[in-house]
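[1] Structure of the sequence below:
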Amino acid sequence: MNGRADFREPNAEVPRPIPHIGADYIPTEEERRVFAECNDESFWFRSVPLAATSMLITQGLISKGILSSHPKYGSIPKLIFACIMGYFAGKLSYVKTCQEKFKNLENSPLGEALRSGQARRSSPSGHYSQKSKYDSDLSGHSSFVTSPAADNIEKEMLPHYEPIPFSASMNESTPTGITDHIAQVKVNKYGDTWDE
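    Take a look at the predicted model:
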């Protein structure tokens, strides 16, 4: 032994290491094919329809007068903005579908990383919180126990504060400098103004 204690149970399943997918990761040929497929499908089946629909709705709102057009450029800036937002909304809406395609790949480190990430998120307890023979049944109790005398000393030593409601944090007695006084302004027949 190298001086470290091994506390693993003999029959415990050892999780496979998650492959490191970083900026230096080079995708496999099959992963490249799925990337290109996701890019094409997200563009033609999500981005183009959403961009066109958002542009049509924006143009309809401008023509009805609900949205105003720019005095110099007309409706072009709003239509370009609607097109860009539709494009990105289409790309983002396809992310889950694309992740599923990668998860279905057999020998893909990227698919394995997505599958293991999903397993860890779906059950936060996962592999790591399996009860071992060292866990006790006192999980709800603190390991640090104080005596009743110590609790009484703590209550006597520390001041007791009543909770203050949120609305009472800024009341009339708080000096804010803000008043409800509205200045009365007088205007004469020549347009001159003065305060009272």
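[2] In contact with residue 33, which residues are there?
    Residue 33 sits next to no residue when contact means C-beta atoms under 8 Å, 6 or more residues apart in numbering. Every residue, glycine included, has its C-beta placed from N, CA and C.
[3] so which helix or strand takes in residue 56?
    helix 48-64 (DSSP states H and E).
[4] That helix packs against which elements?
    helix 76-93 (3 or more C-beta pairs under 8 Å, 6 or more residues apart in numbering; DSSP states H and E).
[5] quick one on the thing from earlier: residues in contact with the helix holding residue 56?
    67-69, 75, 78-79, 81-87, 89-90, 93.
[6] out of these, who's nearest residue 186?
    Closest approach between the contacts of helix 48-64 and residue 186, by C-beta to C-beta: residue 68, at 37.6 Å.
[7] Quick check: the residue lying closest to the closest one once chain neighbours are set aside vs residue 83, distance?
    Closest residue in space to residue 68, ignoring its immediate chain neighbours: residue 62 at 7.5 Å, by C-beta to C-beta, 6 or more residues apart in numbering. Plainly put, residue 62 is 14 Å away from residue 83 if you go by C-beta to C-beta, to the nearest Å.
[8] cool, and residue 113?
    Taking C-beta to C-beta, one finds residue 113 at 34 Å from residue 83.
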